[in-house]
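**Q** Structure of the sequence below:
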Amino acid sequence: MPIYEYVSEAPDDPDRSCRVCARGFELRRPADRAPLQSCPLCKHPVRKVVSRVNSPVATKPLSVSDAKIAGFTVLQRRDQGVYEKL
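**A** Numbers count the residues shown, from 1 in each chain. A predicted model of the protein is given here:
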C-alpha cells in the first residue's frame with residue numbers, strides 16, 4: 001500500500017486544525033481509495049501533499065569482506081548446485 005501525506009488546509013489557524021494535521025501526517029491507504037477530505041481526529045479539512053520520491057542510491061557492490069563484516073554468509077558456486085562457504 002502506498003503512503004500518502006496530508007496537511008491541514010489552515011495549518012496556522014488553531015481553530016481549524018489539531019496538532020496532528022497542522023504538522024502533517026502520513027497514512028497508508030489502498031491506491032484505489034479516494035483521498036481523505038478531513039482529519040481523522042478533528043474532522044477539519046485536509047489536503048493531500050505531493051511527497052518526495054524515495055529512489056535508491058546507486059552504490060558500489062559489496063565486497064566479500066564487507067559482506068562478512070555486515071554479518072552475511074558468503075557462498076561461492078563450485079559445481080552444479082554445490083556451493084562452498086567462503
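
**Q** alpha carbons only for contacts and neighbour counts from here, please
**A** Noted.

**Q** Can you name every helix or strand that the helix or strand bottoming out on mean pLDDT in the chain contacts?
**A** Within the chain, no helix or strand scores below helix 19-23, which has a mean of 82 by mean pLDDT, DSSP states H and E. Under the contact definition 3 or more CA pairs under 8 Å, 6 or more residues apart in numbering; DSSP states H and E, helix 19-23 sits against strand 3-8.

**Q** The strand it packs on - which strands sit beside it in the sheet, and in what orientation?
**A** strand 25-28 (antiparallel), strand 46-49 (antiparallel) (DSSP bridges).

**Q** Of all those strands, which one comes closest to Q37?
**A** strand 46-49 (5.7 Å; CA to CA).

**Q** what's the distance between that closest one and the middle of its chain?
**A** 17 Å (CA atoms, centre = their mean, to the nearest Å).

**Q** Now that strand: buried residues?
**A** 46-48 (16 or more other CA atoms under 10 Å).

**Q** Since that was my last question, I'll sign off now.
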